[in-house]
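Engineer: I'd like to go over a predicted model; first the sequence, then the structure.
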Amino acid sequence: MQKKFVFFFLALTVLAFGVGIGRFILKTARNSDNRRKLVTVVVYAPTSFVDSYGPGEDLKKMFETTCDCTIVYVDVGSSRLAIDRMAFDPKKRVDVVVGLDLLLLKTAATRVKFQELNDLSAPWQDQLRGFSFRRFTPYDWSPMGFVYREPNKDLPKVASLEAALNELPEKSISLADPNSSTVGLEWLYWLFRTSTNVDESLRKLARLTYIVTPNWSASYGLFKKHQVPMTFSYLTSLLYHWQVEKDHSYQFMQFSEGHPVQVEYAAVPEACWDCAVAKNFVQFLTSVEAQKVLAQKNYMLPAVKNIPLDSSFEELPKVKTLGLEKIDEFVTQQPQLIEVWKKAN
Amino acid sequence: MTVPLTELFLVIGLSAAQALVSATIIVALGLLAAFGLAPIRKSNIKKSIELILLAPSLMPTLLTIVASLDLASFFGRFPIGFWGVVVVHFFVNAGLAAVSISQLIESRLSGIIELGTIEGASKFQLIKLSVRELSEQLRNIFIFFFILCFASFSIPLVVGAQTGRTVETLIYETLLDHNHFKLALFYSAIQVALIGAFSLFRRQNISAPSLRRAHPRFLDRVSLGPFLWALISLSVLLVVGLLGGTAHGLSEFGHNSVLLDRVTQGALGTFFEALSVGGLVTIISCLVVFLTPSPRLHQLLLAFSVPSAAALGFLLVAIFDLTEWPDFAVVMLISVGFAILIFSTIHRMRLGDALLEIQGSVESAQIFGANRWLRFSKIIWPQIKNDIAYLAGLSALWASCDFAFASMLAGRDLTLGVTAHGLLAGYRSEIATIVALLATAIGVVTYFIFRFFLTLELKPLSPAPQTFSGVSSHGH
């Protein structure tokens, strides 16, 4: 009797899922046909852009109403992997790539050919003056630094990066690996840009480091799980905790030297198929509606001025940011710096 | 292509040392807990305990790592690096070792424990005798865990730092940092060769298990309950750690239609993937079984190892333009890749030994003139279907929880693993945990489907001949 019941239950489960899978196959086959019928824009995007909470889905819907086209996102994991994939097989179809980091632009331009974009006369944010290029359009940004939780009696108040490296407690921070993560490159650039003796600063940072993770999400996850009292992240990370969790204990350490900024770019590869629509999509990313979605769903600051946003954006501390100085030098010296850092660990 | 040999040798040394320490601890403590598990009499309680013990090895690795870090932190700061990798390997695999060894104790120690008990041997003497009796199988289990830890990827990537690196993380770093695909393939080839070499240490001529299982009353004589309870507590704490904070995540489901839509679609994709992987593993296993006895094939499969998940994923993405493929075709490709990746583990884990155990009867049938089909249908399949059902179910379960390999290929949210990975990449780790738990639940359903349907007795339509009631298959 018991066996019959189990058999009946499993058969029912298989049947239910079978019907579901049948619909899944039919639906996806139909979707695929639709993709071929219309003008299609294939967009290489990082995971955070296309996940269920990311801005990708809303932007797709908004843009598709303005053209007889379909946006197809390909989640490539990270901008670094996007460049690798495009360089590995340049003939593979890619119309737009989003999520390119400022510190990767030189590598991207060396390894992949990109088209010149439509002339944009967007009113860029003051901090991004000089950050837009003919082949790369910025669409969001955020200063970066140490995020921590208040109150924490073990963390002394420090006003500069130099003081932080000397005075913060041992093994108190989680970092993303500069080998595999652009966020990792940002802290490396920060030390390179602001230190008089980078090797010494890297050794001091090694003292503070509790864990180095392959990506930002693992590093931030450990901080969220209270494994470390602070982490290297975005100033705008605070927005998630303030808006969604209603938790204002998350704060950002402001340093007098200034903070590096992560700027995310969109670009159109030379080998694009529907290049005109692709360029329009990139231009669309700087529109007021798109900027609003990007800021609110990506938890980043808009690249363009005068975007109406939630009041919590106004509450973010106004931090001093670093410009474009020494970026080329940093990109050239990056492998050596990583070696020094590895030895220091 | 310049090969940084110093780095390569250093990483091979670190991998081997870490795998040696990890496998030793896993097998030693798994063995002690197995002596607590084997004597449990009530089947339902035993199955539940087995499920609890297996839970850490079935959960998505990244979530288990976070839970392990939480748990380890109770005892102080988590030891990042070499020892961190060892600790997480132990947390994840000790339950699996305990369950596997417990099954061996039941199936192989019936006579020896009964005899020892009658002769008046002490508990310590009986355990010593049992370990000696199981030494061949324990050696193979040790090699299995050694290879698993040697080729480990996610765990050393997160908690390994410099001292806990493995060859697999070196391959990943090479692919990501320098994009030296040829160098990554070279490292993969070295890893395959090393795994092949380690496989040679496996014991090949294993004796067949006893026809009857050891009676729990006798197994009580070797019971080591406290070790089992320690391991159960560890598993429970890990799972509870994972569940922490998910209540907030559950409430989010109602507020995000995109998420709800993707989870529904992902659940179907996951079920499809799990069924496909389980089905493929069944087919490949049947093919291997059909060709038994074939010592060369057996040797080849023991030595066989897929280069690396990262390299295979990158290769498939490079070869195929998956953007234009229908979703179900992409899931099918993921399933094929995953089945290829997992089959060598499946073979080392159980199938290889199971085939060796029945080799004698197969050879006898061959001598009596039974053709290949008769041998397969009448001799091999009835004896091995339980093993294949278990392995197919387990593969399906692993496939449903996979996020790393599927994420490389999918490019969109096709399975729950990919959705969970996407959520982890943002701020929503609590929701990722729920999605991962849902994927696990689908995996468990698929596991039971394979266990149930592959072991069904197909009865003939004509009435069965009368038998004497009351005579069990144990038949004293």
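Structural biologist: Yep, that arrived.
Engineer: Get me the contact residues on the stretch 151-300 of chain B for chain A.
Structural biologist: With the criterion set to Cβ under 8 Å from any Cβ of the partner chain, the stretch 151-300 of chain B comes near chain A through B:157-159, B:161-162, B:172-173, B:175-177, B:179, B:181, B:256, B:258-259, B:262, B:265, B:267-269, B:271-272, B:275. To be clear about C-beta, it is placed using only N, CA and C from the backbone, and glycine gets the same treatment.
Engineer: Show the buried residues in these.
Structural biologist: B:157-159, B:161, B:172-173, B:175-176, B:179, B:181, B:259, B:262, B:265, B:267-269, B:271-272, B:275 (16 or more other Cβ atoms under 10 Å in any protein chain shown).
Engineer: Among those, name the ones in helices.
Structural biologist: Per DSSP state H, helices hold the following members of those: B:157-159, B:172-173, B:181, B:259, B:262, B:265, B:267-269, B:271-272, B:275.
Engineer: Would you mind checking which of these is nearest to B:L58?
Structural biologist: Nearest to B:L58 among these, counting by Cβ to Cβ, is B:F271 at 16.2 Å.
Engineer: is it true that the closest one touches B:I442?
Structural biologist: Yes: at 5.4 Å, B:F271 counts as touching B:I442 under the criterion of Cβ atoms under 8 Å.
Engineer: what sits in contact with each of those two?
Structural biologist: Residues touching both B:F271 and B:I442 (Cβ atoms under 8 Å, 6 or more residues apart in numbering or on different chains): B:S400.
Engineer: show me where pLDDT drops low in the stretch 51-200 of chain B?
Structural biologist: Across the stretch 51-200 of chain B, the ranges flagged by pLDDT under 70 are B:60, B:62-63, B:73, B:76-77, B:110, B:176-179.
Engineer: And chain B, what are its domain boundaries?
Structural biologist: Chain B breaks down into these domains under automatic domain parsing: B:1-244, B:246-458.
Engineer: so can I have a markdown table of these showing distance to A:S217?
Structural biologist: Formatted as a markdown table, those follow (distance: least, Cβ to Cβ, whole Å):
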| stretch | distance to A:S217 |
| --- | --- |
| domain B:1-244 | 9 |
| domain B:246-458 | 5 |
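Engineer: Nearest to A:R207, out of those domains?
Structural biologist: A:R207 lies closest, by Cβ to Cβ, to one member of those: domain B:1-244, at 13.9 Å.
Engineer: which SS state does A:I211 fall under?
Structural biologist: Look at A:I211: counting by DSSP: H, G, I helix; E, B strand; the rest coil, its state is strand.
Engineer: residue contacts, it?
Structural biologist: A:174-175, A:219, A:222, A:227-228, B:80, B:159, B:161 are the contacts of A:I211 under Cβ under 8 Å, 6+ apart.
Engineer: Could you tell me which of these are located in helices?
Structural biologist: In helices, judged by DSSP H, the following of those are found: A:219, A:222, B:159.
Engineer: which residues touch the first one?
Structural biologist: With contacts taken as Cβ under 8 Å, 6+ apart, A:S219 has the following neighbours: A:174-176, A:183, A:211-213, A:231-233.
Engineer: for the second one, same thing?
Structural biologist: For A:L222, the set of contacting residues under the criterion of Cβ under 8 Å, 6+ apart consists of A:174, A:211, A:213, A:228, A:231, B:66, B:69.
Engineer: how close does A:E289 sit to B:R41?
Structural biologist: 67 Å (Cβ to Cβ, to the nearest Å).
Engineer: same question but for A:E315, I mixed them up
Structural biologist: The gap separating A:E315 from B:R41 is 63 Å, by Cβ to Cβ.
Engineer: With B:S100 instead?
Structural biologist: B:S100 is 20 Å from B:R41, where distance means Cβ to Cβ.
Engineer: Could you do B:I171 as well?
Structural biologist: B:I171 is 47 Å from B:R41, where distance means Cβ to Cβ.
Engineer: So which of those two has more stuff around it?
Structural biologist: Remark: of B:I171 and B:R41, B:I171 carries more neighbours, 27 against 11, as counted by other Cβ atoms under 10 Å in any protein chain shown.
Engineer: does that one really touch B:A184, like I thought?
Structural biologist: Yes: B:I171 is within contact range of B:A184, at 5.0 Å (criterion: Cβ under 8 Å).
Engineer: quick one: the strands in the stretch 51-200 of chain A?
Structural biologist: Remark: strands assigned in the stretch 51-200 of chain A by DSSP state E, counting those that start in this stretch are A:69-77, A:96-101, A:137-149, A:173-176.
Engineer: With mean pLDDT, mean neighbour count and distance to B:I25 added, can I get these in TSV?
Structural biologist: Output for the strands of the stretch 51-200 of chain A, formatted as TSV (pLDDT from 0 to 100; neighbours: other Cβ atoms under 10 Å in any protein chain shown; distance: least, Cβ to Cβ, whole Å):
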stretch	mean pLDDT	mean neighbour count	distance to B:I25
strand A:69-77	89	22	33
strand A:96-101	94	26	41
strand A:137-149	95	24	35
strand A:173-176	92	25	27
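Engineer: And the ones you listed: which comes nearest chain B?
Structural biologist: Chain B sits nearest to strand A:69-77 of all the strands of the stretch 51-200 of chain A, at 4.1 Å, using Cβ to the nearest Cβ.
Engineer: Do the closest one and chain B come into contact?
Structural biologist: Yes: for strand A:69-77, a contact with chain B is found by Cβ under 8 Å from any Cβ, at A:72-77.
Engineer: residues contacting the closest residue to B:S429 other than its chain neighbours?
Structural biologist: Nearest residue to B:S429, sequence neighbours excluded (Cβ to Cβ, 6 or more residues apart in numbering or on different chains): A:G221, at 5.2 Å. Counting by Cβ under 8 Å, 6+ apart, A:G221 touches B:66, B:424, B:429.
Engineer: go with 10 Å
Structural biologist: Residues in contact with A:G221 (Cβ atoms under 10 Å, 6 or more residues apart in numbering or on different chains) are A:174, A:213, A:215, A:227, A:231, B:62-63, B:65-66, B:69, B:158, B:424-425, B:427, B:429, B:432.
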